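[1] Fold the following and give me the result.
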Amino acid sequence: MNSSFFRRVSVLFFVLACVGMILGQAESRRSSISESNIRAHMNFLAGDALNGRGSGTRDEWIAGEYFASMMMQFGIRPAGDTDSSGKRSYIQTIEQKRFSFASAPTLSYQSQGKTVILTHGKEMILFAINSANVKGKLKVIKPGTTPGAGEALLVRYDGSDPQAFNQQISGFGDSGAAALIIEENEQSRAAWDRFGSRGVSFTESADSSSTARIVISKEAAEALSKLPEGTEITIAGTLGEPEVRKTWNAVGMIEGSDPLLGSEVILLSAHMDHLGERPNAPGEDKIYNGADDDASGCVAVLELARVVAEGPKPKRTVYFAFFGSEERGGLGSRHFVSNLRFPKEKFIANLQFEMIGRADPAVASDELWLTGYTLSNLGSELAKRGAKIVNDPHPEQNFFRRSDNYTLARQGIVAHTVSSYGLHTDYHQPSDDISNIDFGHMTKAVNSMISPVVWLLNSDFRPTWYEGKDPSQ
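    This next block holds a predicted model:
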């Protein structure tokens, strides 16, 4: 070998070293997320100007346009609908047919040869249903037990704190049961007339497996509990003409740079809607701002999108989605997963961000937790890469089933929610506003996810469900 060969090799190694140093410097220059950025986004999204971003309202649409304008500013490509000229937007528009009962729906069953009828607004309140006629076999069940598909589950009130009780059984609502029938408590009784005077409606785009949710009087619960298990329960009524309504998603993407990994997709998501403004709500504050739920998650996704867009282009394709009408049955995420712009087998993982605006006292102050942590290997791999995420400390709440991630998980996609919700009492209340956000915690929380997310976007790691844990099976 001659000296010129060694000189060429030396030059090559020098060039490679310089390239590596430049790439390393580029990565080290990846910006962090400032508290001022988080405050700015939160002040708009959770301020009174958006009236609580009610599901399917103009306020939700305005929030979607805000996310679209931010993603445009960051240089993220639109991934929503196309217009007649073929130009793509950041916004997905989802039309829904909304059906309302023309008269008060009823719950009925046979007892000793007679038909017993409970009527909405009188002996029962029907909060949710997905068709004009739902039937299920009666089964009395307690919090913490496993419900069965197709059953009409009766849950007796156990005398505990009403809100804690409601949270404990809320996971039954996506269990595959036909109906969840809950005995009244002092909280539901106080709101009986208000909810009983409302009409009952549902959208055709809601998942057909959604569970009807009913609260019944103490006397009615006592009578139901004495029936033979398996007694058929029917919830039914007559529908009027449907009303066409809309909800929206805001979606952007960065195409992967790697020839092989570039076709694989990671989704970072949050839901942009909340409960809106309710003129009949008790107290002076009528706006359900949804600061923690889920402006906080939206801001996390938005700031992670900015940081990823400012850095070196990731090897994998990444989508950023802000879903509409999560509070109305996950309509936005259902539309997204049913209308993918890429093959489903290329959908590697989803991280949903939900309620990270306060620290959870059940874990360390700098930790987040992952719903369904023990169902797949995604959480443990992210933790190895520096993510301060731990197992969900509230398994009795069934949080894995209570956010948009579950819509995707039921399709076999490894999808989890990142959260730090500590069961605070402002959940779904007007008091979930900016004044109660811990901005220091939130800033640390979002920053702590930058490196793990960047690793996932540039890795060939494919998370999998543990054996027997796949929600789609």
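
[2] Please, where are all the strands along the stretch 51-200 of the chain?
    Secondary structure of the stretch 51-200 of the chain (DSSP state E, counting those that start in this stretch): strands at 77-78, 91-100, 106-111, 114-119, 124-128, 133-140, 151-155, 179-183.

[3] Indicate which one of those is closest to residue 55.
    Of all the strands of the stretch 51-200 of the chain, strand 91-100 sits nearest to residue 55, with 10.1 Å by C-beta to C-beta. For every residue, glycine as well, the C-beta is placed using N, CA and C.

[4] Other residues contacting the closest one?
    Strand 91-100 is contacted by residues 56, 64-65, 68, 80-81, 132, 199-205, 239-240, 242-251, 324-325, 331-332, 335-336, 339 when judged by C-beta atoms under 8 Å, 6 or more residues apart in numbering.

[5] Determine how far it lies from the middle of the whole chain.
    18 Å (C-alpha atoms, centre = their mean, to the nearest Å).

[6] And that strand, what's buried?
    91, 92, 94, 96, 98, 99 (16 or more other C-beta atoms under 10 Å).

[7] what's the most distant pair in those?
    Farthest pair in the buried residues of strand 91-100, by C-beta to C-beta: 91 and 99, 25.3 Å.

[8] Let me have the strands of the stretch 51-200 of the chain in a markdown table, extended by distance to residue 352 and mean pLDDT.
    Listed next are the strands of the stretch 51-200 of the chain as a markdown table, based on distance: least, C-beta to C-beta, whole Å; pLDDT from 0 to 100:
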| stretch | distance to residue 352 | mean pLDDT |
| --- | --- | --- |
| strand 77-78 | 21 | 98 |
| strand 91-100 | 17 | 91 |
| strand 106-111 | 34 | 96 |
| strand 114-119 | 37 | 97 |
| strand 124-128 | 21 | 93 |
| strand 133-140 | 28 | 93 |
| strand 151-155 | 26 | 91 |
| strand 179-183 | 23 | 93 |
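
[9] Adding distance to residue 411, write those strands out as JSON lines.
    Formatted as JSON lines, the strands of the stretch 51-200 of the chain follow (distance: least, C-beta to C-beta, whole Å):
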{"stretch": "strand 77-78", "distance to residue 411": "24"}
{"stretch": "strand 91-100", "distance to residue 411": "17"}
{"stretch": "strand 106-111", "distance to residue 411": "32"}
{"stretch": "strand 114-119", "distance to residue 411": "36"}
{"stretch": "strand 124-128", "distance to residue 411": "22"}
{"stretch": "strand 133-140", "distance to residue 411": "24"}
{"stretch": "strand 151-155", "distance to residue 411": "24"}
{"stretch": "strand 179-183", "distance to residue 411": "23"}
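
[10] For residue 395, find the nearest of the ones you listed.
    Closest among those, using C-beta to C-beta: strand 151-155, at 17.9 Å.

[11] Within the sheet, what are the partner strands of that closest one, with directions?
    Applying DSSP bridges to the sheet, strand 151-155 is found paired with strand 133-140 (parallel), strand 179-183 (parallel).

[12] Can you redo these as CSV, where the extra columns are mean neighbour count and distance to residue 163?
    Listed next are the strands paired with strand 151-155 as CSV, based on neighbours: other C-beta atoms under 10 Å; distance: least, C-beta to C-beta, whole Å:
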stretch, mean neighbour count, distance to residue 163
strand 133-140, 18, 23
strand 179-183, 25, 13
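
[13] Dump these to TSV, plus distance to residue 48.
    As requested, these are exported to TSV (distance: least, C-beta to C-beta, whole Å):
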stretch	distance to residue 48
strand 133-140	38
strand 179-183	32
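
[14] closest to residue 312 out of those?
    strand 179-183 (48.3 Å).

[15] now the angle from the closest one to strand 106-111?
    90 degrees (axes from the mean of the first three to the mean of the last three C-alpha atoms, to 10 degrees).

[16] mind showing which ranges of the stretch 151-300 of the chain have poor pLDDT?
    167-175, 205-209 (pLDDT under 70).

[17] do that again at 50, thanks
    206-208 (pLDDT under 50).

[18] is it true that residue 442 lies in a helix?
    Yes - under DSSP: H, G, I helix; E, B strand; the rest coil, residue 442 falls within a helix.

[19] Now do it, the pLDDT please.
    pLDDT recorded at residue 442 is 96.

[20] Does the residue nearest to it when sequence neighbours are not counted belong to a helix, a strand or coil?
    Leaving out its chain neighbours, the residue that sits closest to residue 442 by C-beta to C-beta, 6 or more residues apart in numbering is residue 357, at 5.3 Å. Using three-state DSSP, the structure places residue 357 in coil.

[21] so what's residue 357 up against?
    So residue 357 contacts 42, 291, 292, 295, 296, 420, 436, 437, 438, 441, 442 (C-beta under 8 Å, 6+ apart).

[22] and if we set it to 6 Å?
    Contact analysis of residue 357 by C-beta atoms under 6 Å, 6 or more residues apart in numbering lists 292, 296, 437, 442.

[23] any idea how far residue 365 is from it?
    14 Å (C-beta to C-beta, to the nearest Å).

[24] same question, residue 107
    From residue 107 to residue 365 the distance is 46 Å (C-beta to C-beta).

[25] Pick out whichever of the two has more residues nearby.
    Neighbours per residue (other C-beta atoms under 10 Å) separate residue 107 from residue 365, with residue 107 holding more: 25 against 12.

[26] in the sheet, who's paired with the more buried one?
    With DSSP bridges as the rule, residue 107 is bridged to residue 118, residue 235.

[27] from now on call the first residue 51
    Okay, using 51 as the starting number, the last item reads as residue 157.

[28] That one against residue 285, yeah?
    Yes - counting by C-beta atoms under 6 Å, residue 157 sits close enough to residue 285 to count as a contact (5.0 Å).
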